[in-house]
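Enquirer: Just a sequence and a predicted model for now, questions to come.
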Amino acid sequence: MAPAYLGRGYASEAARAALAFGFERAGLDELVAFTVPANTRSRAVMQRLGMTQSPADDFDHPLVPAGHPLLRHVLYRLSRGAWLASMAQARS
């Protein structure tokens, strides 16, 4: 995203739309997202959406060379049930 548009909520808006599509239209039971640990903005978006990270799910990306600073990735998850609960809470 161009620097002039960072921090305006566009990533959160797009991610919310992706979650809605995944759970409502595609009927998925769980959605996952990943990023590098240093990408604090992406991690914040995932956390705001209610996604949770478990260190046991973190992984080394298979397409990134060993020793590269972007090798390690953190994985976040959100279940359909947790998403539905957050949507119900937002409406009340």
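Expert: Cool, the structure landed. Numbering: from 1, shown residues only.

Enquirer: in the protein, which spans are helices?
Expert: Remark: helices assigned in the chain by DSSP state H are 10-20, 40-48, 80-91.

Enquirer: Residues touching the longest one, excluding its own?
Expert: Residues outside helix 80-91 that contact it (CB atoms under 8 Å, 6 or more residues apart in numbering): Leu19, Phe23, Leu28, Asp29, Glu30, Leu31, Gly50. To be clear about C-beta, it is placed using only N, CA and C from the backbone, and glycine gets the same treatment.

Enquirer: Now list the buried members of these.
Expert: Leu19, Phe23, Leu28, Leu31, Gly50 (16 or more other CB atoms under 10 Å).

Enquirer: which ones among those are found in strands?
Expert: In strands, judged by DSSP state E, the following of the buried ones among the contacts of helix 80-91 are found: Leu31.

Enquirer: what would the buried ones among the contacts of helix 80-91 look like in CSV with pLDDT?
Expert: Shown next, in CSV, are these (pLDDT from 0 to 100):
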residue, pLDDT
Leu19, 96
Phe23, 97
Leu28, 98
Leu31, 98
Gly50, 96
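
Enquirer: Show me which of the buried ones among the contacts of helix 80-91 is closest to Val64.
Expert: Leu31 (22.5 Å; CB to CB).

Enquirer: Report the buried residues of the helix or strand of the chain with the lowest mean pLDDT.
Expert: One helix or strand of the chain scores below all others by mean pLDDT, DSSP states H and E: helix 80-91, with a mean of 91. Neighbour counts over helix 80-91 (16+ other CB under 10 Å) mark Arg80, Trp83 as buried.

Enquirer: report the angle between the axes of that helix and helix 10-20?
Expert: Counting by axes from the mean of the first three to the mean of the last three CA atoms, to 10 degrees, helix 80-91 lies at 120 degrees to helix 10-20.

Enquirer: and helix 80-91, how far from the chain's centre?
Expert: On the basis of CA atoms, centre = their mean, to the nearest Å, helix 80-91 sits 16 Å off its chain's mean C-alpha point.

Enquirer: what's the neighbour count on the residue lying closest to Asp57 once chain neighbours are set aside?
Expert: Spatial nearest neighbour of Asp57, excluding adjacent residues (CB to CB, 6 or more residues apart in numbering): Leu75 at 4.1 Å. Burial of Leu75 is recorded as 18 neighbouring residues (other CB atoms under 10 Å).
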